[in-house]
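> Next come a sequence and a model predicted from it.
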Amino acid sequence: MKRAMLLLPLGVFLLMAVFLYRGLYLDPKELRSVLIDKPLPSFSQGSLEEPGRIINSDELKGQPALLNVWATWCPTCKAEHEMLNRLAAQGVAIYGINYKDDSAAAREWLQRLGNPYRFNIEDPQGSLGIDLGVYGAPETFLLDKQGIIRAKHVGAIDENVWRSKLAPLYQQLLDEATP
């Protein structure tokens, strides 16, 4: 009995050490979403570019696309914006979610820096972001042609992220979408 009482703290320590050691090798930007391989949550939100227009989740179906969460208050979003413009110019379908932002400031930003988005969904209170499990901006979801979320990237998309992570998945989804 006395011996078991002495071994209990050692066992607890070893168990904690294993969990902490495993944590050393996790990528903090690799936040696996519970929505991977599930449909985009259903929504009806306002359009940033066309006030009064309502956009729903069905409008993001039909072809593989990126769904990018962004805001004017986000310096990392500004850093990735040029890359998104280049991708859109190459024909990559990109939709935006303007997250917890001022609509007028967002429209001015797009006019000044270019608009890579086919359309933008306004999310002033962050309700769509909550449904998507968004931690902040920027975050990008890769959707297949049926609107199923196939991947999520937290942080800016730069040339390396696009080339090594998202472009191969996007190309695979394009290949699958072509009969």
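Structure received. All of these numbers come straight from a predicted model, not from anything done at the bench.
> What residues does Asn56 make contact with?
Counting by C-beta atoms under 8 Å, 6 or more residues apart in numbering, Asn56 touches Ser42, Phe43, Ser44, Gln45. Every C-beta, even on glycine, is put in place using the N, C-alpha and C of the backbone.
> residues contacting the spatially closest residue to Gln146 that is not a sequence neighbour?
Leaving aside its sequence neighbours, Gln146 sits nearest to Lys61 (C-beta to C-beta, 6 or more residues apart in numbering; 6.0 Å). Residues in contact with Lys61 (C-beta under 8 Å, 6+ apart) are Lys145, Gln146, Gly147.
> Can you tell me how far Lys61 is from Asp144?
9 Å (C-beta to C-beta, to the nearest Å).
> Mind jotting down where the strands sit in the chain?
Along the chain, counting by DSSP state E, strands occupy 44-46, 54-56, 65-70, 94-99, 120-123, 139-143, 149-154.
> helices or strands up against the fifth one?
With contacts taken as 3 or more C-beta pairs under 8 Å, 6 or more residues apart in numbering; DSSP states H and E, strand 120-123 sits against strand 44-46, strand 94-99, helix 103-113.
> List the buried residues in the last one.
Think helix 103-113. By 16 or more other C-beta atoms under 10 Å, the buried positions in helix 103-113 come out as Ser103, Ala106, Arg107, Trp109, Leu110.
> and if you look at stretch 152-165?
Quick answer for stretch 152-165 (16+ other C-beta under 10 Å): Lys152, His153, Val154, Gly155, Ala156, Ile157, Val161, Trp162.
> End to end on that stretch, go ahead and measure it.
One end of stretch 152-165 sits 10 Å from the other (C-alpha to C-alpha, to the nearest Å).
> try stretch 129-146
OK, stretch 129-146 end separation, C-alpha to C-alpha: 20 Å.
> What mean pLDDT does that stretch get?
Stretch 129-146 carries an average pLDDT of 96.
> what about the residue nearest to Pro124 when sequence neighbours are not counted, how many residues close to it?
Take Pro124 and drop its neighbours on the chain: the residue closest to it by C-beta to C-beta, 6+ apart is Lys100, 6.5 Å away. Using other C-beta atoms under 10 Å, Lys100 is surrounded by 18 other residues.
> what sits against Lys100?
Here Lys100 is in contact with Ala71, Trp73, Asp123, Pro124, Gln125, Gly126, Gly129 (C-beta under 8 Å, 6+ apart).
> Go through the contacts of Asn56 and say which is closest to Ile36.
Of all the contacts of Asn56, Ile36 sits closest to Ser42, with 17.3 Å by C-beta to C-beta.
> show me the contacts for the residue nearest the centre of the chain.
Geometric centre of the chain, nearest residue: Thr140, 2.4 Å, by C-alpha atoms, centre = their mean. Contacts here follow C-beta under 8 Å, 6+ apart; on that basis Thr140 touches Leu66, Leu67, Asn68, Val69, Lys152, His153, Ile157, Leu166.
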